[in-house]
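Engineer: Curious how this folds, go ahead:
(2 chains)
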Amino acid sequence: MTDTVGIVIVSHSKDIAKGTADMVRQMVGSEVKVAFCGGNPDGGLGTSVSLIIDAINDAWSAKGVAILVDLGGAETNSEMAVEMLEPARRDLVVVCNAPIVEGAVMAATEAAGGSSLAQVKAVAEELSAD
Amino acid sequence: MLDKADGQIFTGNVRLVHAVGMHARPAVKLTKLAKKFQAQISVRVAGAAEWINAKSVVKIMAMRAAHGSTIEIRASGSDAEVAVAALVDLIASDFPDGA
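Structural biologist: Residues are numbered from 1 along each chain as shown, chains lettered A, B, ... in the order given. Modelled structure (predicted):
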């Protein structure tokens, strides 16, 4: 199998982020790179731009990275993390408008087949289409 | 694209033996397998009005096929015959791990 789109999971809770990543690995398999982050650096609830950037680097693929988020700050901080990447990589990272658990499983399933970043994002977002 | 089997449709029927029906894990396995083929592949619960794209994990998960129901598969394209056989085998063998 050629390179596949990577998946990043960003939750306010590290437990939710880790649990979602576990579900993706068990249900979809290990051919898709999955990274997660959750909680602020003090161990409380929250999201951190620098941890999101680390996760993007961990899941990095030449085909791009799709980010799944939970509530408000997870999305704005993820967008900020994308803006802080080098210009050449910025266009290869997207934040998906999808429920975090379902979106991550659907996106990873699509990615496993070798689909493009746009296709992976579209499949995750099918969930919130109706 | 030239396709020697163009227009020819292969079909298969298989009983869903999975204890809880077509739930999340089986749906992911079916979709992943379907994506390995070039053929256009559709499935439905026997007699259902609509065929569902076997490569759409969202739609497969939403089809909610029950335990004991019969799944109909049809495919067209160069590797359609192999694709139908592979999917029938996956469902008949109850979605083994590693599939």
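
Engineer: which non-adjacent residue is nearest the residue in chain A positioned nearest to chain B?
Structural biologist: Nearest to chain B, among the residues of chain A, is residue A:113, at 3.4 Å (Cβ to the nearest Cβ). Using the backbone N, CA and C atoms, a C-beta is placed for each residue, glycine as well. Leaving aside its chain neighbours, residue A:113 sits nearest to residue B:35 (3.4 Å; criterion: Cβ to Cβ, 6 or more residues apart in numbering or on different chains).

Engineer: Over to residue A:62?
Structural biologist: Leaving out its chain neighbours, the residue that sits closest to residue A:62 by Cβ to Cβ, 6+ apart is residue A:3, at 5.3 Å.

Engineer: Could you pull up the residues touching the residue nearest to residue A:113?
Structural biologist: A:112, A:113, A:114, A:115, B:55 (Cβ atoms under 8 Å, 6 or more residues apart in numbering or on different chains).

Engineer: To what extent is the residue of chain A closest to chain B buried, counted in neighbours?
Structural biologist: Using other Cβ atoms under 10 Å in any protein chain shown, residue A:113 has 21 neighbouring residues.

Engineer: what mean pLDDT does the helix ranked longest in chain B have?
Structural biologist: Secondary structure of chain B per DSSP state H: the longest helix is helix B:80-92. For helix B:80-92, mean pLDDT is 97.

Engineer: Stretch A:79-91 now?
Structural biologist: 96.

Engineer: who touches it?
Structural biologist: With Cβ under 8 Å, 6+ apart, stretch A:79-91 has contacts from A:49, A:52, A:53, A:56, A:67, A:93, A:95.

Engineer: can you pull the buried residues of it?
Structural biologist: A:79, A:81, A:82, A:85 (16 or more other Cβ atoms under 10 Å in any protein chain shown).

Engineer: would you list every one of the strands in chain B?
Structural biologist: Listed in chain order, the strands of chain B (DSSP state E) span B:9-15, B:40-45, B:52-53, B:70-76.

Engineer: List the pairing partners of the second one within its sheet, with orientation.
Structural biologist: Meaning strand B:40-45. Its sheet considered, strand B:40-45 pairs with strand B:52-53 (antiparallel), strand B:70-76 (antiparallel) by DSSP bridges.

Engineer: Could you tell me the angle between it and helix B:80-92?
Structural biologist: 40 degrees (axes from the mean of the first three to the mean of the last three Cα atoms, to 10 degrees).

Engineer: Right, I'll leave it there.
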